[in-house]
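*Asks:* I'd like to go over a predicted model; first the sequence, then the structure.
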Amino acid sequence: MGMAVETHTIELSTKGSGHIVDLTPKVREILEHSRIESGIACLILPGSTGVVTTIEYESGVLRDLSEAMERLVPRDQPYHHDRAWGDGNGFSHVRSALFGASFSFPFTDRKPILGTWQQIVFVECDNRPRKRRLVLQLVG
Amino acid sequence: MGMAVETHTIELSTKGSGHIVDLTPKVREILEHSRIESGIACLILPGSTGVVTTIEYESGVLRDLSEAMERLVPRDQPYHHDRAWGDGNGFSHVRSALFGASFSFPFTDRKPILGTWQQIVFVECDNRPRKRRLVLQLVG
Amino acid sequence: MGMAVETHTIELSTKGSGHIVDLTPKVREILEHSRIESGIACLILPGSTGVVTTIEYESGVLRDLSEAMERLVPRDQPYHHDRAWGDGNGFSHVRSALFGASFSFPFTDRKPILGTWQQIVFVECDNRPRKRRLVLQLVG
């Protein structure tokens, strides 16, 4: 049995800050059709204003996560980034650095090793709708 | 020399929120007996109410970490998750999403590449004692 | 085509807490000269008082990140770690556990998969200048 690397992409459109997308169904689909049976997967946003993490994809806790982000890194306070560039998304960059732009997880038998109530999510942090193209790298 | 993947599990029992377990001895033991000499390891909690990260396993700084978690994501405030499900562990989910449920690290010569005062820890965030089964995936 | 593992080191000197170093040029250079064309890279600080994450390397947003760290995990408050050890760097340990001491990302064609405005950075969190030796592990 040889080892291999596969590069997959996941495309999505977001509605701007606070939009949380469940990536798990797409991740499962990619893994099911992969040549690689088991290994490590790394999912990244090539970008600086979004987050990849895990959480239970349940509307209550998603609101809790959004409110925690707002409390930890408030949108409505002055950011040096905004003074310099006028983008108004200084908070987006800081949230991404804090929560992380990539998430790695193991897979076996072409399935991600996750809890039943644990989903891999993309959290849009930018202050406007974005088209996003995430990359899922498989090694095994 | 061929490449390989290994899947290991680490089982533990926790006393509930704030219990921090040093996983480094078990990780070292697994690596020592692995067929794989060097590569990347990914350690994950398949679950949505715990954290895998690194910190110096020293009682003072462990208290500091617990207090920081309490300050950043307080237990005693209303969570939408709790209103919907009555679990009382909305804070646990948000802490897991913030600090992260997986941690990846390199290993060489069957040893993890870590600092002397840096330990890999599992932080129980749930509001009750739990039996946990973490997965350590090795690729190399 | 065989699979392989490579271990590289990145050495740097920091000026103490708040010093943020752009590691992307060095990471790109290592990847360009690697035998491995594509795979997953794991960059770690073997140490407990620093952070590896991504952010746009722009002076305004770097100040925003530093100020957010100060707000989330203040330097000037009592830490149990400091009472026990007198290091005065309790805040450094907590920041490292919160933001993370390792960061993983995919690479293809000997290039990291990152956004144009997204850089991989080391954030010194310790309260004094440090010589740092980070490890970049490649598997692919």
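*Replies:* Received the coordinates, thanks. Residues are numbered from 1 along each chain as shown, chains lettered A, B, ... in the order given.
*Asks:* Enumerate the residues of chain A near chain B.
*Replies:* A:3, A:38-40, A:53-56, A:58-61, A:63-65, A:68, A:72, A:98-100, A:103-106, A:108, A:113-115, A:117-118, A:139-140 (C-beta under 8 Å from any C-beta of the partner chain). To be clear about C-beta, it is placed using only N, CA and C from the backbone, and glycine gets the same treatment.
*Asks:* give me that answer again for 7 Å
*Replies:* Within chain A, the positions near chain B by C-beta under 7 Å from any C-beta of the partner chain are A:3, A:38-40, A:53-56, A:58, A:60-61, A:63-65, A:68, A:72, A:99-100, A:103-106, A:108, A:113-115, A:117-118, A:139-140.
*Asks:* for chain A, which helix is longest?
*Replies:* Ranked by number of residues, the top helix in chain A under DSSP state H is helix A:59-72.
*Asks:* Next SSE downstream of it?
*Replies:* As assigned by DSSP states H and E, the chain's next helix or strand after helix A:59-72 is helix A:80-85.
*Asks:* what packs against the longest helix of chain A?
*Replies:* helix B:80-85, helix B:90-99 (3 or more C-beta pairs under 7 Å, 6 or more residues apart in numbering or on different chains; DSSP states H and E).
*Asks:* Now do whatever helix or strand comes next after the last one, average pLDDT.
*Replies:* Going back to what we said before, that points to helix B:90-99. Next in sequence after helix B:90-99, counting helices and strands by DSSP H and E, comes strand B:102-108. Strand B:102-108 shows a mean pLDDT of 98.
*Asks:* What are the contacting residues of strand B:102-108?
*Replies:* A:103-105, B:31, B:38-44, B:52-54, B:112-114, B:120, C:7, C:42, C:44, C:102, C:104, C:135, C:137 (C-beta atoms under 7 Å, 6 or more residues apart in numbering or on different chains).
*Asks:* Quick check: neighbours of that strand in the sheet, parallel or antiparallel?
*Replies:* Paired strands of strand B:102-108, with direction, are strand B:39-44 (antiparallel), strand B:111-112 (antiparallel) (DSSP bridges).
*Asks:* So which bits of the helix or strand following the longest one are buried?
*Replies:* Tracing the chain past strand B:39-44, the next element assigned as helix or strand by DSSP H and E is strand B:50-55. Residues B:Gly50, B:Val51, B:Val52, B:Thr53, B:Thr54, B:Ile55 are the ones in strand B:50-55 that count as buried (16 or more other C-beta atoms under 10 Å in any protein chain shown).
*Asks:* got JSON lines for these, with pLDDT and distance to chain C too?
*Replies:* Shown next, in JSON lines, are the buried residues of strand B:50-55 (pLDDT from 0 to 100; distance: C-beta to the nearest C-beta, whole Å):
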{"residue": "B:Gly50", "pLDDT": "98", "distance to chain C": "14"}
{"residue": "B:Val51", "pLDDT": "98", "distance to chain C": "9"}
{"residue": "B:Val52", "pLDDT": "98", "distance to chain C": "10"}
{"residue": "B:Thr53", "pLDDT": "98", "distance to chain C": "5"}
{"residue": "B:Thr54", "pLDDT": "98", "distance to chain C": "5"}
{"residue": "B:Ile55", "pLDDT": "98", "distance to chain C": "4"}
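*Asks:* so what's the nearest residue to A:Gly140 once chain neighbours are set aside bridging to?
*Replies:* Residue nearest to A:Gly140 in three dimensions, not counting chain neighbours: A:Gly39, with 1.9 Å by C-beta to C-beta, 6 or more residues apart in numbering or on different chains. The partner list for A:Gly39 in beta bridges (DSSP bridges) reads A:Phe107.
*Asks:* contacting residues around A:Gln119?
*Replies:* Applying C-beta under 7 Å, 6+ apart to A:Gln119 gives the contacts A:Asp22, A:Thr24, A:Thr54, A:Ile55, A:Glu56, A:Tyr57.
*Asks:* Check A:His19 too.
*Replies:* A:His19 makes contact with A:Glu124 under the criterion C-beta under 7 Å, 6+ apart.
*Asks:* what phi and what psi does the backbone show at it?
*Replies:* When read as degrees, to the nearest 10, the backbone of A:His19 gives phi -80, psi 120.
*Asks:* And it, how close does it get to chain C?
*Replies:* For A:His19, the distance to chain C equals 18 Å [C-beta to the nearest C-beta, to the nearest Å].
*Asks:* who in chain A is up against chain C?
*Replies:* Looking at chain C, the residues of chain A close enough under C-beta under 7 Å from any C-beta are A:3, A:5, A:7, A:40, A:42, A:44, A:46-48, A:72-73, A:79-81, A:83-85, A:90, A:93-94, A:97-98, A:100-102, A:104, A:135, A:137, A:139.
*Asks:* Skip the chain neighbours and tell me the closest residue to the residue in chain A that chain B sits nearest to.
*Replies:* For chain A and chain B, the shortest gap (C-beta to the nearest C-beta) falls at A:Pro106, measuring 3.3 Å. Sequence neighbours aside, B:Gln137 is the residue nearest to A:Pro106 in space, at 3.3 Å (criterion: C-beta to C-beta, 6+ apart).
*Asks:* Help me confirm that A:Leu31 comes into contact with A:Asp109.
*Replies:* No. Counting by C-beta atoms under 7 Å, A:Leu31 stays clear of A:Asp109, with 9.1 Å between them.
*Asks:* of the two, who's got more company?
*Replies:* Set A:Leu31 next to A:Asp109 and count neighbours by other C-beta atoms under 10 Å in any protein chain shown: A:Leu31 wins out with 23 against 10.
*Asks:* part of a helix, is that one?
*Replies:* Yes. Under DSSP: H, G, I helix; E, B strand; the rest coil, A:Leu31 sits within a helix.
*Asks:* where does chain A have low pLDDT?
*Replies:* Within chain A, the stretches with pLDDT under 70 are A:1-3.
*Asks:* Any idea which residue is closest to the centre of it?
*Replies:* Taking C-alpha atoms, centre = their mean, the centroid of chain A lies closest to A:Val52, which sits 2.2 Å from it.
*Asks:* In this model A:Phe122 seems to touch it, though I could be wrong.
*Replies:* Yes. Contact criterion C-beta under 7 Å: A:Val52 and A:Phe122 qualify, at 5.8 Å.
*Asks:* for A:Thr24, what are its contacts?
*Replies:* Counting by C-beta under 7 Å, 6+ apart, the residues that A:Thr24 touches are A:Gln119, A:Ile120.
*Asks:* got it, and A:Ser13?
*Replies:* Neighbours of A:Ser13 in contact, by C-beta under 7 Å, 6+ apart: A:Pro129, A:Lys131.
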